[in-house]
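In: I'd like to go over a predicted model; first the sequence, then the structure.
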Amino acid sequence: MNTFITALSLKEISEFTASAGQPSFRALQLAEWLYGKGAESYSEMTNIPKAFREFLEETHPLVRPRITDLQKSKDGTGKFILTFPDKVCVETVALPSSNGKLTICCSSQAGCAMGCSFCATGKEGFTRNLTAGEIVNQIYVAQKHMKQRVSNVVVMGQGEPFLNYDATLDALRMLNHPKLFAIGARHMTISTCGIIPGIRRLSEEPEQFTLAVSLHAALQKTRDELMPGVAKYPLQQLKKALQAYVRATNRRVTLEYAMISGINDSAEDREALEDFCAGLLCHINLIPLNKIVDSPFQPSLTKTMTHWQATLQKNGIETTIRHSRGSDIAGACGQLKNAFKHSSYVSRETYELPLKKLK
C-alpha cells in the first residue's frame with residue numbers, strides 16, 4: 001500500500017529519500033515544496049529530478065486531507081472537518097483575532113480514549129492516532145484556506161497528545177522549522193489531561209513548547225468522576241510532576257478549569273484549587289463549560305466565575321476567565337465530535353472573513 005507523503009514527518013521523509021539513494025539535502029528540499037511553498041503536485045517541484053518525482057508519485061502520492069465540512073461562527077471562528085484518505089475525520093478550528101493573529105487548534109488523535117464526562121469528543125470514542133504529517137497538514141490546510149499566516153498553534157482539539165507523543169512532537173518541530181512554517185516554539189501549546197509520563201518527557205525536550213493541563217477539579221473524587229481516563233494519575237503525583245517540569249524548564253504551566261455548576265464550583269473546590277497551586281508556577285484559565293448535546297452539566301454562573309477569579313488573584317494566583325469562541329458551531333473546547341452541518345465543502349465565497357492576506 002502506498003504511503004502518502006503528507007502523512008510523514010520530516011525524519012521519515014529523510015529516511016525514505018536516503019533509502020532511494022538521494023542526497024541528504026533532498027528531504028528538506030521536498031518538505032519545503034510541500035509546506036514552505038505549498039506545492040499541490042510533484043510536477044511543481046522543478047528543482048527535484050524528474051525520475052525521483054516519478055518515483056515519488058508511484059510510492060508516496062501527494063494527497064492532502066480534504067475539507068468535507070466548514071462552519072463559520074458569528075465570532076469569526078472557523079471549524080473544519082478534515083477527511084484523510086482512509087476516510088478518518090478530525091476537527092480543526094481556526095481562530096482569527098482582531099490584531100491580525102491566527103491561532104489554529106489542531107487534533108492529535110481521531111477521537112479520544114480519555115472519556116471525560118463533559119466532553120463530546122470522549123463520548124465518540126477513539127479511532128486512531130494521527131501521524132506527524134496529518135497533524136501538520138491540519139495547519140497547512142487551515143492556513144491556506146484562511147489566506148493568513150498561522151501565528152499560534154494549540155494541540156487542544158480531539159485526542160490526548162501525550163498518548164501520541166512522538167508524532168505530536170515531530171509535528172511541532174516541523175511547524176517550528178524556519179524553512180517550513182517558522183512558528184515559534186513558545187507560540188505552540190500542548191494540552192494534556194495530565195498524563196504524567198508525557199509531562200516528564202516534555203520537560204527534557206530542548207524546545208520551549210508551552211504546557212497546558214486540563215485540571216477541571218482539584219478534589220480527587222470529583223476529578224476521577226469527571227476524568228476517569230486519568231484516575232491512575234492522582235492529583236498529588238500530578239502536582240509533583242508539574243513542579244519538576246517547572247524546575248527543569250523554568251516555564252509556567254497553564255491550568256485549564258472548566259467550571260460546571262454544582263459539580264466543581266463550590267468554595268471547597270476553590271480552596272482545593274488554591275492548595276493545588278501553592279508552590280507551583282502556574283496560570284489558571286477559568287472556562288465556562290461549553291454545552292454538549294444530551295449532557296446534564298451546565299456552566300457555572302457568571303457571578304461565581306468572577307468571584308473565583310477575584311479570590312484566586314487576591315491569593316496570588318494569576319487567573320483569567322477565558323471566553324470560549326466558536327460555541328455556536330460546536331467548535332469550542334469539549335465540543336469537537338465531527339458533527340457535519342453541511343452536506344459538502346463550503347467554498348471560500350460563502351466564508352468571507354475580514355482577514356489579513358497571507359504574506
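Out: Received the coordinates, thanks.

In: where does this protein have low pLDDT?
Out: Along the chain, the parts satisfying pLDDT under 70 run over 1-2, 324-359.

In: at 80 what do you get?
Out: 1-2, 120-124, 291-295, 323-359 (pLDDT under 80).

In: Nearest to the spatial middle of it, which residue is it?
Out: The centroid of the chain falls nearest to Val155 when counting by Cα atoms, centre = their mean (1.7 Å).

In: Identify the residues contacting that one.
Out: By Cβ atoms under 8 Å, 6 or more residues apart in numbering, Val155 lies in contact with Cys106, Ser107, Ser108, Ile135, Pro161, Thr168, Leu172, Met188, Thr189, Ile190, Ser191. Heads up, the C-betas are built off the backbone N, CA and C, glycines and all.

In: Quickly name whichever of these is closest to Ala244.
Out: Nearest to Ala244, judged by Cβ to Cβ, of those is Ile190 at 16.5 Å.

In: Correct me if wrong: the closest one contacts Ser214.
Out: No - using Cβ atoms under 8 Å, Ile190 is not in contact with Ser214; the gap is 11.3 Å.

In: Ile81: what secondary structure?
Out: Look at Ile81: counting by DSSP: H, G, I helix; E, B strand; the rest coil, its state is strand.

In: Sitting in strands, which of the contacts of Val155 do you find?
Out: Taking DSSP state E, the ones among the contacts of Val155 that sit in strands are Cys106, Met188, Thr189, Ile190, Ser191.

In: element containing the closest residue to the first one other than its chain neighbours?
Out: On the basis of Cβ to Cβ, 6 or more residues apart in numbering, the spatially nearest residue to Cys106 that is not a chain neighbour turns out to be Gln138, at 4.3 Å. Following DSSP states H and E, the helix or strand that holds Gln138 is helix 132-146.

In: buried ones in that helix?
Out: Within helix 132-146, the residues that count as buried by 16 or more other Cβ atoms under 10 Å are 132-143, 146.

In: Could you point out which of these is nearest to Asp275?
Out: Looking across the buried residues of helix 132-146 and measuring by Cβ to Cβ, the closest to Asp275 is Ile135, at 35.7 Å.

In: And the helices in the stretch 151-300 of the chain, which stretches?
Out: Along the stretch 151-300 of the chain, counting by DSSP state H, counting those that start in this stretch, helices occupy 165-176, 196-203, 220-226, 235-249, 267-277.
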